[in-house]
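Chemist: just coords:
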């Protein structure tokens, strides 16, 4: 069983060509700002952690933009996770040396699951976050949970059941799962509670809920009914509709334990 801990609020910076971008269900992305400036703003606003995704690195078969990672890491003093285009332990080492505390793998982990165990052995499980991009499908013998793993930014179906993969990640040595519902991504209609609760209940490691946060009540739902350990946010703060202090005030008022510095 997981121990009761303070829930974390984690802004996510999706970066393309050195700029923060945001889309809906991984499509129609628009430029919304400089990732270094945004990282500083969220750090100063009380974010618990930060996530940086180089969203086209895997699809374009190139390495992550280390220079952006380094500049963001120099700007903030909270845990910082980096993903996108990480395909080897050497890539992980480069990102960690650039200043990140954690690395996130997704497509690469499905293609080569050993990267998880090798990364955990080299740097410790606490450094290894595995991203899961998931779509709801018809239940079948192959996908009994009704949720299928997809890769390459939602472009490629894998035929892998999301629940079975989450359980395998624990065996491989992952320290954390970032669970993203592509159906909910960017919609601001709420997190996928059924998926999040199913995975959170099945694994002993922390689960970060991602995709769909639009109002503070959505975070309260996914951190309680969804049993998530943390919630990733993007659109709701990127566009200035809500602030991290405001979100945390709402969560505190709803009985959700959060770190508050004001």
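Modeler: Done, it's in. On a predicted model such as this, the values are computed, not experimentally measured, just so you know.

Chemist: show me the contacts for residue 161.
Modeler: Contact analysis of residue 161 by Cβ atoms under 8 Å, 6 or more residues apart in numbering lists 142-145, 147-149. Heads up, the C-betas are built off the backbone N, CA and C, glycines and all.

Chemist: from the residues you listed, which would you call buried?
Modeler: Buried subset of the contacts of residue 161 (neighbour count, 16 or more other Cβ atoms under 10 Å): 143, 145, 147-149.

Chemist: could you export the residues you listed as JSON lines, including pLDDT?
Modeler: Formatted as JSON lines, those follow (pLDDT from 0 to 100):
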{"residue": "143", "pLDDT": "98"}
{"residue": "145", "pLDDT": "98"}
{"residue": "147", "pLDDT": "98"}
{"residue": "148", "pLDDT": "98"}
{"residue": "149", "pLDDT": "97"}
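
Chemist: quick check: the gap between residue 230 and residue 110.
Modeler: 22 Å (Cβ to Cβ, to the nearest Å).

Chemist: neighbour count: the two, which is higher?
Modeler: residue 230 (23 against 20; other Cβ atoms under 10 Å).

Chemist: for the more buried one, phi and psi?
Modeler: The phi/psi pair for residue 230 (degrees, to the nearest 10) reads phi -160, psi 160.

Chemist: can you give me how far stretch 192-200 is from the chain middle?
Modeler: The chain centroid and the centroid of stretch 192-200 are separated by 14 Å under Cα atoms, centre = their mean, to the nearest Å.

Chemist: numbering from 409 from now on, please.
Modeler: All set: I'll call the first residue 409, so the last point we hit is now stretch 600-608.

Chemist: pull out the buried positions in that stretch.
Modeler: Across stretch 600-608, burial judged by 16+ other Cβ under 10 Å covers 600-601, 603-608.

Chemist: strands paired with the helix or strand where residue 420 lies, and their directions?
Modeler: Per DSSP states H and E: residue 420 is located in strand 416-424. Using DSSP bridges, the strands paired with strand 416-424 are strand 427-432 (antiparallel), strand 458-462 (parallel), strand 638-641 (parallel).

Chemist: picking that back up, tell me the two of the contacts of residue 569 that are most distant?
Modeler: Maximum pairwise distance among these (Cβ to Cβ): 13.2 Å, between 552 and 557.

Chemist: for the residue nearest the centre of the chain, give its distance to residue 448.
Modeler: The residue lying closest to the centre of the chain (Cα atoms, centre = their mean) is residue 586, at 4.1 Å. Separation of residue 586 from residue 448 (Cβ to Cβ) stands at 22 Å.

Chemist: distance of the residue nearest to residue 626 when sequence neighbours are not counted relative to residue 545?
Modeler: Take residue 626 and drop its neighbours on the chain: the residue closest to it by Cβ to Cβ, 6 or more residues apart in numbering is residue 598, 4.6 Å away. Going from residue 598 to residue 545 by Cβ to Cβ gives 20 Å.

Chemist: what does stretch 600-615 contact?
Modeler: Outside stretch 600-615, the residues that touch it by Cβ under 8 Å, 6+ apart are 409-410, 540, 542, 544, 553, 555, 570-571, 574-575, 577-578, 582-585, 587, 589, 591-592, 617, 619-620, 629-630, 633-638.

Chemist: gap between that stretch and the chain center?
Modeler: Distance, stretch centre to chain centre, for stretch 600-615: 13 Å (Cα atoms, centre = their mean).

Chemist: with stretch 529-540 instead?
Modeler: Relative to its chain's centre, stretch 529-540 lies at 13 Å (Cα atoms, centre = their mean).
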